[in-house]
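Visitor: Here is my input; please provide its structure:
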Amino acid sequence: MHWDDLKTFLAVARAESLSGAGKRLKVDPATAGRRIARLEEEIGAALFAKSPQGYAPTEAGQRLQRHAEMAEQAILSAEEDIRGQSGLLSGQIRLGAPDGVANFLLPQVCSEIVQQNPDLEVQIVALPRLFNLTRREADLAITVSPPTAGRLTVQKVSDYKLHLAASRDYLRNAPPIETLGDLSGHRIVGYIQDMIFDKELDYLSELGVERVSLASNSAVVQFNWIRQGGGIGVMHDFALASVQGVRRVLADEISMTRTFYLVRHADDTRLERMNRFAEALCDGLRREIARLEAET
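Guide: From the prediction side, this is the model:
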């Protein structure tokens, strides 16, 4: 049984397609298909049930997946042991995160980690959604709610603050805002309601605001609307520090606190490399949040 075949099998099981597995492994789908066929012939059983929805592991495939993941962990541990002789981190680590933290915190934090570990490659996947670590969409993920299902480990990273904010130009030409009720006479910036992927992001419902004039599933789009005078919306304090001409609104009456969590696959806690990266990431995020919030 060849490791390349097992690695391809895992990629197909996680991506649920030959094309998705091929992209992950940087091989064409035909090559991935040949490897799966060779593995099925060697084992003597079909490993996937194929349908228009994709490739789903059969019962035999599910049994093999458990063993293949154990083999994957053993190989990763061996590579880590050999590469780790220098005491520095190396290899590739993919980190999934919502676009707010990905744009305003992770670039600085990850740049510092890579600067200290020149052989390390960090990939940031910035998407406004939850990540499936079981399918290895990422090695680690930052979330605003701790997951309750799956073989995952969850670590609290840090609390952070959010406030209503608007540009000075917008406020100069808009009706005064003295109470929460005054927001009804203003353009509101927020999330598209049916695309809020985590209840912790439903800020405006918490404030009793029902009508949103400018809506996006992206926190960064909302940030830019607010910065450019589009209206009033909820902003992270750590993002406010990066822009001039925007100030908090009703800061004494309205302040929200949320929490970032670092989520990892349970098997990865056996890898010292991943443990050290997680520690450096959490420490860096805490320092960066504290620094930026102190500047607002």
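
Visitor: Let me see the ranges of the helices in the stretch 101-250 of the chain.
Guide: 106-116, 168-172, 203-207, 219-227, 237-240 (DSSP state H, counting those that start in this stretch).

Visitor: Please convert the ones you listed to TSV, extending it with distance to Val249, mean pLDDT and mean neighbour count.
Guide: C-beta here means a position set from N, CA and C on the backbone, and glycine is covered the same way. Converted to TSV, the helices of the stretch 101-250 of the chain look like this (distance: least, CB to CB, whole Å; pLDDT from 0 to 100; neighbours: other CB atoms under 10 Å):
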stretch	distance to Val249	mean pLDDT	mean neighbour count
helix 106-116	27	96	16
helix 168-172	7	94	15
helix 203-207	11	93	17
helix 219-227	10	96	21
helix 237-240	11	95	23
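
Visitor: Between these, which one is closest to Tyr55.
Guide: Closest approach to Tyr55 among these is made by helix 106-116 (32.4 Å; CB to CB).

Visitor: Who are the packing partners of that closest one?
Guide: Packing partners of helix 106-116 (3 or more CB pairs under 8 Å, 6 or more residues apart in numbering; DSSP states H and E): strand 91-97, strand 120-126, helix 272-295.

Visitor: Go through the last one and flag the buried ones.
Guide: When burial is assessed from 16 or more other CB atoms under 10 Å, helix 272-295 yields the following buried residues: 273-274, 276-278, 280-282, 284-286, 288-289, 292-293.

Visitor: Give me the angle between it and strand 120-126.
Guide: 60 degrees (axes from the mean of the first three to the mean of the last three CA atoms, to 10 degrees).

Visitor: May I have the phi/psi pair for Glu253?
Guide: phi -100, psi -30 (degrees, to the nearest 10).

Visitor: With adjacent residues omitted, what lies nearest to it?
Guide: Sequence neighbours aside, Leu180 is the residue nearest to Glu253 in space, at 6.7 Å (criterion: CB to CB, 6 or more residues apart in numbering).

Visitor: how about JSON lines for the helices and strands packed on helix 106-116, with mean pLDDT and distance to Ile75 added?
Guide: JSON lines is the format used below for those (pLDDT from 0 to 100; distance: least, CB to CB, whole Å):
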{"stretch": "strand 91-97", "mean pLDDT": "90", "distance to Ile75": "12"}
{"stretch": "strand 120-126", "mean pLDDT": "92", "distance to Ile75": "18"}
{"stretch": "helix 272-295", "mean pLDDT": "94", "distance to Ile75": "13"}
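
Visitor: just to revisit the earlier point, reformat the helices of the stretch 101-250 of the chain as TSV; add distance to Leu89.
Guide: Output for the helices of the stretch 101-250 of the chain, formatted as TSV (distance: least, CB to CB, whole Å):
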stretch	distance to Leu89
helix 106-116	7
helix 168-172	43
helix 203-207	36
helix 219-227	28
helix 237-240	25
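
Visitor: show me where pLDDT drops low in the chain?
Guide: Counting by pLDDT under 70, the chain has low-confidence residues at 76-77, 79-87, 128-131, 133-136.

Visitor: about what we covered before: just send the helices and strands packed on helix 106-116 back as TSV, with distance to Arg172 too.
Guide: Listed next are those as TSV, based on distance: least, CB to CB, whole Å:
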stretch	distance to Arg172
strand 91-97	35
strand 120-126	33
helix 272-295	23
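
Visitor: quick one: which of the ones you listed is nearest Gly229?
Guide: helix 272-295 (22.0 Å).

Visitor: pretty sure the residue nearest to Glu253 is touching Ile188, no?
Guide: No - judged on CB atoms under 8 Å, Leu180 makes no contact with Ile188 at a distance of 11.8 Å.

Visitor: For the stretch 101-250 of the chain, which segments count as strands?
Guide: For the stretch 101-250 of the chain, the strands defined by DSSP state E, counting those that start in this stretch occupy 120-126, 140-143, 152-167, 188-190, 214-215, 232-236, 246-249.

Visitor: contacting residues around the fourth one?
Guide: Applying CB atoms under 8 Å, 6 or more residues apart in numbering, the set of residues contacting strand 188-190 from outside is 203-204, 209, 211-215, 222, 225-226, 230-234.

Visitor: what comes up buried for stretch 50-66?
Guide: Quick answer for stretch 50-66 (16+ other CB under 10 Å): 55, 57, 61, 64-65.

Visitor: Most widely separated two among those?
Guide: Every pair of the buried residues of stretch 50-66 checked by CB to CB; the farthest is Tyr55 and Leu64, at 13.4 Å.

Visitor: re the thing from before, the helices of the stretch 101-250 of the chain: which one's closest to Arg151?
Guide: That would be helix 106-116 among these, by CB to CB, at 24.9 Å.
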